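Colleague: Return atomic coordinates for the entry below.
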Amino acid sequence: MISRLLRWFVKTLLVLLVLVAAGLAGFRIAAAFRETAAREELAPSAGRSVQTSSGAVFIQEKGPPDGVPVVLFHGTAAWSELWWRTSDALAAAGFRVVALDLPPFGFSDRPGTYTRADQAARFNEVLGRLETPPVIVVGHSFGAGAATELVMRYPDRARALVLVDAALGLTVPPSDPPAIVKPKWIREVLVSLTITNPLATKFLLQSLIAKKERALPEYVEILQRPTRRTGSTPDIADWVYYFLGADRNALSADRAAYARMTKPAAILWGDKDSVTPLDQANDLKNLLPQAMLTVLPGLGHIPQIEDPAAFNDALLKALRKL
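Modeller: Have a look, this model is predicted:
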């Protein structure tokens, strides 16, 4: 009797494992069928690509050409279009806005090199091509790493730095990617379940923001649009391996490097941020004593979509002081 039950249990477990594996494979196969569009079919016609030695970077520009230049770095799985309300507000105030697509997201090329130093070198080339005077660099969430790295490695490019709910990893010890994600196929399955899965977009967005009702269809569509590009899942899977580890060679990962940064700085932070809690803003303020800290009441990790008016007002005030 016991041996019969044991055989039944083993068979049932095997069936369940096969069903789970088939379900996961189904998400990966579905991603391959979805990702068939060319960049030219999906990218906003108002934007353009700027060539660098590591591929083209897609940018969107607004505002007067002679305005003070402000460069916007987005966060994980986002792209330049998520800044559109902020870009409009800054342009209306007379700033020259350049919103970038950080590879591998949006409509930039996906060269496979995604360290902060790689990204900083890439955007240094972009600014050189655009022939901008020193810019105010604004970095949100994960994009704050590349933004800060740019300011630290190429200080002549920047006049000031603004960090918005910055995910800089300064309060956790460095670690390597988990061994389980080393096979690329595992990362591809993870990406097809999350970043490139249209069924997950709204849920993931809501998990990042305090005002859940602000996961509006327009923002969901913005986040989904670039993921229909050919090869999105395998390309983003390359980035995931970097993302899950520590960027030990980044200047912006070195707490001591912040004391050497002389550029003016501002910090904007939602007090309801559960991804990078407010304690991280206070820690960053201690590392950058010259920085102004503005706390945004009731807002979470993506304040520019949770309350665009309040965020844009706070950002404009910071920019004018800088």
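Colleague: can we go C-alpha only for contacts and neighbour counts from here?
Modeller: Will do.
Colleague: now Asp313: how far from Asp165?
Modeller: Distance check for Asp313 against Asp165: by C-alpha to C-alpha, to the nearest Å, it reads 16 Å.
Colleague: of the two, who's got more company?
Modeller: Comparing Asp313 with Asp165 by other C-alpha atoms under 10 Å, the one with more neighbours is Asp165, at 29 against 14.
Colleague: my guess is the more buried one meets Asp271, correct?
Modeller: No - if you go by C-alpha atoms under 8 Å, Asp165 and Asp271 don't touch, sitting 9.5 Å apart.
Colleague: which residues in the stretch 1-150 of the chain form strands?
Modeller: Along the stretch 1-150 of the chain, counting by DSSP state E, counting those that start in this stretch, strands occupy 48-52, 55-62, 69-73, 96-100, 135-140.
Colleague: Of all those, which one is nearest Ala37?
Modeller: When the strands of the stretch 1-150 of the chain are compared by C-alpha to C-alpha, strand 55-62 sits nearest Ala37, at 16.4 Å.
Colleague: quick one: average pLDDT of the closest one?
Modeller: Here strand 55-62 scores 98 as its mean pLDDT.
Colleague: Check which residues of that strand are buried.
Modeller: Residues of strand 55-62 classed as buried: Ala56, Val57, Phe58, Ile59, Gln60, Glu61, Lys62 (neighbour count, 16 or more other C-alpha atoms under 10 Å).
Colleague: Quick check: neighbours of it in the sheet, parallel or antiparallel?
Modeller: Note on strand 55-62: by DSSP bridges, its sheet partners are strand 48-52 (antiparallel), strand 96-100 (antiparallel).
Colleague: Could you pull out the helices in the stretch 201-322 of the chain for me?
Modeller: 201-208, 217-224, 232-243, 278-287, 303-306, 308-321 (DSSP state H, counting those that start in this stretch).
Colleague: List the contacts of the most centrally placed residue in the chain.
Modeller: Centroid-nearest residue in the chain, with C-alpha atoms, centre = their mean: Gly75, separated by 1.9 Å. Shown in contact with Gly75 (C-alpha atoms under 8 Å, 6 or more residues apart in numbering): Gly139, His140, Ser141, Phe142, Gly143, Ala144.
Colleague: hmm, back to that, out of the helices of the stretch 201-322 of the chain, nearest to Glu40?
Modeller: Comparing the helices of the stretch 201-322 of the chain under C-alpha to C-alpha, the one sitting nearest is helix 232-243, at 14.6 Å.
Colleague: Give me the contacts around the closest one.
Modeller: If you take C-alpha under 8 Å, 6+ apart as the criterion, helix 232-243 is touched by 31-32, 35, 104-105, 110, 112-115, 177, 181-182, 184, 187-188, 191-192, 196, 226-227.
Colleague: rerun that using 7 Å as the cut-off
Modeller: The contact list for helix 232-243, computed with C-alpha atoms under 7 Å, 6 or more residues apart in numbering, reads 31, 35, 104, 110, 112, 114, 177, 184, 187-188, 191-192, 196.
Colleague: Would you quantify the distance from Ala259 to Phe95?
Modeller: 29 Å.
Colleague: So those two - more neighbours on which side?
Modeller: Phe95 (22 against 12).
Colleague: The more buried one is in contact with Pro65, isn't it?
Modeller: No - using C-alpha atoms under 7 Å as the test, Phe95 is too far from Pro65 to be in contact (8.4 Å).
Colleague: one step back: just name the closest of the contacts of Gly75 to Pro303, please.
Modeller: Nearest to Pro303 among the contacts of Gly75, with distances taken as C-alpha to C-alpha, is His140, at 9.7 Å.
Colleague: residues in contact with the closest residue in space to the closest one that isn't next to it in sequence?
Modeller: With C-alpha to C-alpha, 6 or more residues apart in numbering as the criterion, His140 has its nearest non-adjacent residue at 4.6 Å, and that residue is Val164. Val164 makes contact with Gly139, His140, Ser141, Ile267, Leu268, Trp269, according to C-alpha under 7 Å, 6+ apart.
Colleague: If we only consider these, which is nearest to Lys317?
Modeller: Nearest to Lys317 among the contacts of Val164, with distances taken as C-alpha to C-alpha, is Leu268, at 10.9 Å.
Colleague: who touches Val135 in this structure?
Modeller: Contact analysis of Val135 by C-alpha under 7 Å, 6+ apart lists Pro69, Val70, Val71, Arg157, Ala158, Arg159, Ala160.
Colleague: Pairing partners for it in the sheet, please.
Modeller: Using DSSP bridges, the bridge partners assigned to Val135 are Ala158.
Colleague: circling back: from the contacts of Gly75, which is closest to Pro277?
Modeller: Distances from Pro277 to the contacts of Gly75, taken by C-alpha to C-alpha, are shortest for Ser141, at 11.5 Å.
Colleague: what about the closest one, neighbour count?
Modeller: Look at Ser141: counted by other C-alpha under 10 Å, it has 20 neighbours.
Colleague: If anything else comes up later, I'll come back, but that's it for now.
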